[in-house]
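Undergrad: Just the structure for this:
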Amino acid sequence: MDANQLQQQSVFDLTSLDKLRQDALKQPKGSDGERAALRQAAQQFESIFTQMLLKSMRKANEAFEDEDNPFNASSVKYFQDMHDQQLSSELSKNGSLGLADLIVQQLSPEQNNYMPANVLRSDFKPGSINKTKTLSETQDVVATKQNKSAPEFGNSKDFINGVWEFAKQAAEKIGVHPGVMVAQAALETGWGKHIIKTSQGESSNNLFNIKAHRDWQGDSTSKTTLEYEQGVAVKRKEPFRVYDSLQQSFDDFVSFLKSNPRYQQALEVAHKPAEFIDAISEAGYATDPNYANKVKSVLAQPELKALVGDLLGLGD
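TA: Numbers count the residues shown, from 1 in each chain. Sure, this is the predicted structure:
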């Protein structure tokens with residue numbers, strides 16, 4: 001078979017792609033034939049796109065190739081191109097990239113019943129084939145991942161404004177004043193400037209520095225921290241919880257307190273800020289013996305006091 005015949009049978013022939021498009025238009029709306037034609041056209045488009053990617057990568061590597069290398073012969077490159085074409089075709093058929101799936105989902109009249117094979121593959125579990133997601137929900141998943149980039153707080157006011165609504169929602173669940181939660185988060189993270197990061201450099205969104213012990217099922221990251229043992233400060237590497245968002249951090253803080261019996265007494269006095277702070281400190285929330293006083297000091301800062309008033313009854 002000569003090169004012209006190979007080219008005519010190429011799955012990347014744009015003329016063939018246009019023929020598929022025309023065939024799809026001839027099919028009755030919503031019919032199996034229309035869906036099959038749409039799927040085939042989408043797969044061929046993905047094949048073309050994948051081939052372009054492979055070709056661009058090989059082109060970029062040419063600058064590093066040795067001209068005397070026998071693998072640079074035109075015949076080798078010819079069969080290399082054939083291999084790339086076949087590889088692109090197989091990747092498309094297997095749904096490895098998921099591009100064809102998204103095209104079908106966008107153009108299909110049954111959008112709400114279609115799950116992209118690759119984009120949502122991490123969410124798939126055996127027996128959950130009916131638990132599909134729309135494209136907008138897929139975009140929400142991507143947005144959630146992007147939220148792991150470190151939040152930026154220029155100053156204490158930015159921090160307060162950035163977390164206040166989350167604190168308010170979480171505080172209502174246990175009856176504590178949201179200002180107390182904000183003060184704790186500010187102390188733990190230096191007003192949001194020192195939130196623990198993951199090994200990939202993403203924000204852990206862990207505002208309360210809650211550690212990831214055996215009962216934690218989510219992601220975690222390790223960090224060297226200062227702990228107090230019998231009143232003596234020592235450095236230890238500890239695992240910490242990683243959240244998808246700052247709101248999740250507040251919600252988990254509430255769950256952490258409610259699920260640990262040792263904080264029951266603190267929850268009973270949650271409506272009294274000073275007593276609540278003393279109680280969680282005495283229950284061992286932090287190893288720092290001055291933890292309660294430090295939280296109260298933050299709570300009395302002008303930025304917070306102007307917003308929440310004198311919660312500690314200390315006066316001016």
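
Undergrad: tell me the contacts of the residue nearest to residue 207 when sequence neighbours are not counted?
TA: Of all residues not flanking residue 207 in the chain, residue 185 sits nearest, at 3.9 Å (Cβ to Cβ, 6 or more residues apart in numbering). Glycine gets a C-beta too; all of them are placed from N, C-alpha and C. Counting by Cβ atoms under 8 Å, 6 or more residues apart in numbering, residue 185 makes contact with 159, 163, 167, 192, 207-208, 249-250.

Undergrad: Now name the helix or strand holding residue 185.
TA: Residue 185 belongs to helix 178-189 when assigned by DSSP states H and E.

Undergrad: pLDDT of that helix, averaged?
TA: Averaging pLDDT along helix 178-189 gives 96.

Undergrad: what would the contacts of residue 185 look like in CSV with neighbour count and distance to residue 28?
TA: Shown next, in CSV, are the contacts of residue 185 (neighbours: other Cβ atoms under 10 Å; distance: Cβ to Cβ, whole Å):
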residue, neighbour count, distance to residue 28
159, 23, 59
163, 25, 55
167, 25, 56
192, 24, 58
207, 28, 56
208, 20, 59
249, 26, 52
250, 27, 53
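
Undergrad: possible to save those residues as JSON lines with pLDDT?
TA: Converted to JSON lines, these look like this (pLDDT from 0 to 100):
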{"residue": "159", "pLDDT": "94"}
{"residue": "163", "pLDDT": "95"}
{"residue": "167", "pLDDT": "96"}
{"residue": "192", "pLDDT": "93"}
{"residue": "207", "pLDDT": "96"}
{"residue": "208", "pLDDT": "96"}
{"residue": "249", "pLDDT": "96"}
{"residue": "250", "pLDDT": "97"}
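
Undergrad: So which of those residues are in helices?
TA: In this view, the contacts of residue 185 that belong to helices under DSSP state H are 159, 163, 167, 249-250.

Undergrad: With respect to residue 84, which of these is nearest?
TA: residue 249 (45.7 Å; Cβ to Cβ).

Undergrad: Identify the residues contacting the closest one.
TA: Here residue 249 is in contact with 166, 185, 205-208, 243 (Cβ under 8 Å, 6+ apart).
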